[in-house]
Every structure is written in C-alpha cells, then in structure tokens.
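In: predicted model follows, preceded by the sequence.
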Amino acid sequence: MSRRPPPRRSPARRPRRGRRQQRDDMQLLVVGVAAVAAISLMIMVVNWLIAHWWVLLAAALVLLLGGLGWWQHRTRRAQWQQARARALRYGLAQLDALTHHQFEHAIRDLMHRDGCANAVQVGGRGDLGADVKATDPYGRRWVIQCKHRRAGNRGAAVGTPALQVLNGTGRPVHQADVVVLVTNGRITQPGRAFARQQRLHLVDRHVLAQWAAGSRPLWELLGAVPPPRRPTARS
C-alpha cells in the first residue's frame with residue numbers, strides 16, 4: 001500500500017493590530033501632543049509675566065479694589081435691610097387687607113424685626129399647625145399659627161378646635177418653647193380658657209395692633225414666656 005503524504009500545515013500568520021488598537025494609539029498621540037503644547041504655552045506665559053511683572057501687580061490691584069467695592073456694597077445693603085426691618089410697621093387696616101398667605105409673611109417679617117434672624121414662613125398644606133417658625137435672640141424656639149380674618153373683628157372667631165391642633169403639634173412635633181396663635185380677629189372665651197390651661201399664648205386683634213404698629217418685641221407684650229435658653233446682651 002502506498003502511504004499518503006502528511007497534510008501540510010499552513011504557516012502561522014502574524015497577528016494583525018486591530019483598528020481599535022490603532023485608534024487608541026492615535027488618541028494617545030493626540031493627547032501627548034496637546035499636553036506638550038499646553039506645557040509650552042504655560043511656560044511662555046509664565047516667562048512673559050516674569051518679564052512684565054507690572055501686569056501682575058495691576059491685575060492684583062484691580063481684583064483688590066473690585067473685592068473691596070463688592071464687600072462695601074454688600075455691607076451697605078445689609079445695613080439698609082436691617083434699618084428697614086427695624087422700621088417695619090403695620091396698621092390693622094393694612095393687615096386686614098392682606099390674604100392669609102400675605103398675613104403669614106407679615107408675621108414672619110415682624111418676628112424678623114424683633115431680632116429673630118431665622119424667622120421663616122412655613123404655612124401650607126401639611127404644616128401641622130405651624131405657619132411661622134423662629135428663634136429669638138434668647139434662644140427660644142417659637143411656633144406661630146396665623147388665623148387671618150378679612151372682616152377683622154366681624155369675622156368668625158377663632159375657637160378651641162384650632163387651638164387644640166396647635167397644642168397637639170407645637171411642642172411635641174415642632175419642639176417649640178413658645179407656642180402662639182395670632183389673629184387679626186376675635187378668640188372665643190372657651191378658646192381663651194383652653195389656651196390658659198395648655199400654656200398657649202394668644203395674640204388677638206388688640207395685642208396685634210400694639211405689636212405691629214409699635215417697636216416692642218412680641219415677648220415683651222406676652223406674659224409668662226419661658227426663660228431664655230442662653231444669656232445674651234439683652235438679658
């Protein structure tokens with residue numbers, strides 16, 4: 001029998017560099033060229049600035065004057081806002097003409113006038129009885145519920161149900177030291193009795209008129225407010 005010659009093996013092919021590898025190499029080359037160009041440009045700029053040092057001095061002077069002007073403008077604006085807040089006054093007719101939302105903002109602004117820098121209006125859906133929150137200069141946390149009546153004293157009187165809601169959330173939920181209800185209208189006698197029992201503070205139309213049109217802070221117009229949490233220059 002004749003033997004068949006063994007099959008010939010094809011010569012091994014050299015692996016070819018794929019297009020992806022070539023693309024990566026090209027990207028590296030571009031990045032390298034860009035980095036060299038950036039470094040060269042930076043060196044040129046630094047050398048130019050060293051030779052022209054007065055440009056750096058002029059730029060620094062311009063920045064210094066600009067920063068000083070900005071700081072002075074900001075300081076004057078803050079002083080003007082503080083003076084405006086201290087001069088804030090409301091008459092009852094003005095408060096009666098507000099919407100309920102505007103009334104909440106007016107109470108917030110009055111607390112800010114009294115020195116509560118963080119006074120904020122939080123009233124709205126789901127506010128859990130709190131329309132305004134603030135911390136006074138003595139460290140006491142205030143929670144205020146606002147009840148606005150467009151008809152003033154002729155509007156519906158604020159009764160016990162509203163005070164019960166405030167009492168149920170003011171201290172347990174909002175962690176308030178002073179819980180207040182403010183209205184430009186009337187408060188029922190049962191509501192007043194409930195407020196006394198639960199240590200709630202009431203600001204009716206009469207107290208509101210004194211507070212909004214005067215310059216005394218609210219805690220000086222209310223009786224039996226809690227003692228300060230921290231000593232201050234005013235204590």
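Out: It's in.
In: for the rest of this, base every contact and every neighbour count on C-alpha atoms.
Out: Noted.
In: and Arg108, that one's in a strand?
Out: No: Arg108: not assigned to a strand; according to DSSP: H, G, I helix; E, B strand; the rest coil it is helix.
In: ok, it touching Ala130?
Out: No: counting by Cα atoms under 8 Å, Arg108 stays clear of Ala130, with 11.8 Å between them.
In: anything in contact with each of these two?
Out: Both Arg108 and Ala130 lack any common contact, where contact means Cα atoms under 8 Å, 6 or more residues apart in numbering.
In: give me the number of residues near Leu181?
Out: 23 (other Cα atoms under 10 Å).
In: which helices and strands sit right next to whatever helix or strand it lives in?
Out: Taking DSSP states H and E as the definition, one finds Leu181 inside strand 178-183. Judged by 3 or more Cα pairs under 8 Å, 6 or more residues apart in numbering; DSSP states H and E, strand 178-183 is in contact with strand 141-147, helix 160-170, strand 201-203, helix 205-213.
In: okay, and for this protein, where does confidence drop off?
Out: Scanning the chain for pLDDT under 70 picks out 1-17, 72-73, 75-87, 126-127, 230-235.
In: which residues are contacting stretch 121-131?
Out: So stretch 121-131 is contacted by 101, 104-105, 108, 132-133, 143-146, 165-166, 169-170 (Cα under 8 Å, 6+ apart).
In: what about Ala193, distance to Gly223?
Out: Remark: distance between Ala193 and Gly223 (Cα to Cα, to the nearest Å) = 15 Å.
In: report how many residues lie close to the closest residue to Thr183 other than its chain neighbours.
Out: Excluding its sequence neighbours, the residue lying closest to Thr183 (Cα to Cα, 6 or more residues apart in numbering) is Lys147, at 4.7 Å. Other residues within reach of Lys147, judged by other Cα under 10 Å, total 19.
In: what's the separation between Leu92 and Gly214?
Out: 12 Å.
In: over to Leu181?
Out: 19 Å.
In: between helix 160-170 and the helix or strand following the strand holding Leu181, find me the angle.
Out: Sequence-wise, the next helix or strand downstream of strand 178-183 (DSSP H and E) is helix 189-198. Helix 189-198 runs at 20 degrees relative to helix 160-170, counting by axes from the mean of the first three to the mean of the last three Cα atoms, to 10 degrees.
In: next one: helix 189-198 to chain centre, how far?
Out: 35 Å (Cα atoms, centre = their mean, to the nearest Å).
In: and that helix, what does it pack onto?
Out: Using 3+ Cα pairs under 8 Å, 6+ apart, helix 189-198 is in contact with helix 160-170, strand 201-203.
In: most tightly packed of those?
Out: strand 201-203 (a mean of 22; mean count of other Cα atoms under 10 Å).
In: tell me the strands beside that one, with direction?
Out: Sheet pairing for strand 201-203, assigned by DSSP bridges, gives strand 178-183 (parallel).
In: who touches the strand it pairs with?
Out: Counting by Cα under 8 Å, 6+ apart, 140-149, 158, 163, 166-167, 170-171, 199-205, 208, 225-226 sit against strand 178-183.
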